[in-house]
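# let's see this in three dimensions:
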Amino acid sequence: MVMKTFRDLIVWQKAMELVTLIYQLSKAIPKDELYGLTSQMRRSAVSIPANIAEGYGRKSTQDYLRFLHISMSSNYELQTLLEIACNLKYLPMDSFKDAFEKSRELERMLSSLMVKIDRSSNPT
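You can find the predicted model right below:
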C-alpha cells in the first residue's frame, strides 16, 4: 500500500482512537478538575496525533522525527495523567488499564516508526 497521507499511518489512526477514549473517560472526572486534570489529559491526548500529522507534513526527515518525539513526549505525559486520575479514584481500574495499554501500544508503535525513519535516513 502506498502512503498518500498521514491518515494512512496506523499509528495516527490508533492515536485518534485514544483521543476519543480519553475524551469519553475524562467526562467522569469531577467538574472542579475541568480546567486542571481533565484539560491537561485532553490536550496531551490531542497532541499525539496532531504532532504525528504535523511531522508527516514536514519536508525534512529530521523535522518529522522531531515531531514524532514531541508526540512520544505527549504520550508519556498522558500516561502520567492517567495514573494520577486513577490514584485519585477518578477512573475505574479497568478504564485506566484499557487507556494505559492503548497508550503503551502507541508508545511501541511510535518508537518503531522513529527507528525505521532514522535508519532509512542514516543507512550504514
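# where does the prediction get shaky in this protein?
Under the criterion of pLDDT under 70, the regions of the chain flagged as low confidence span 1-3, 123-124.
# quick one, helices of it?
Per DSSP state H, the chain carries helices over the ranges 10-26, 39-56, 61-87, 93-121.
# number of residues surrounding Gly57?
As a burial measure, Gly57 scores 12 neighbours (other C-beta atoms under 10 Å). No exception for glycine: its C-beta is placed from N, CA and C like everyone else's.
# would you check that it makes contact with Phe6?
Yes. Taking C-beta atoms under 8 Å as the definition, Gly57 is a contact partner of Phe6 at 7.1 Å.
# okay, the helices of the chain in TSV with mean neighbour count next?
Listed next are the helices of the chain as TSV, based on neighbours: other C-beta atoms under 10 Å:
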stretch	mean neighbour count
helix 10-26	18
helix 39-56	21
helix 61-87	18
helix 93-121	15
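# Asp32: which of those is closest?
Comparing those by their distance to Asp32 (C-beta to C-beta), the top pick is helix 39-56, with 11.9 Å.
# how about the helices of the chain in CSV, adding distance to Asp32?
As requested, those are exported to CSV (distance: least, C-beta to C-beta, whole Å):
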stretch, distance to Asp32
helix 10-26, 13
helix 39-56, 12
helix 61-87, 13
helix 93-121, 20
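# wait, what's in contact with the residue positioned nearest the centre of the chain?
Within the chain, one residue has its C-alpha closest to the average C-alpha position: by C-alpha atoms, centre = their mean, that is Ile48, at 3.5 Å. Taking C-beta atoms under 8 Å, 6 or more residues apart in numbering as the contact definition, Ile48 lies against Ala15, Leu18, Val19, Ser71, Ser74, Asn75, Leu78, Leu106.
# confirm for me that Gly55 is in contact with Met72.
No. If you go by C-beta under 8 Å, Gly55 and Met72 don't touch, sitting 10.9 Å apart.
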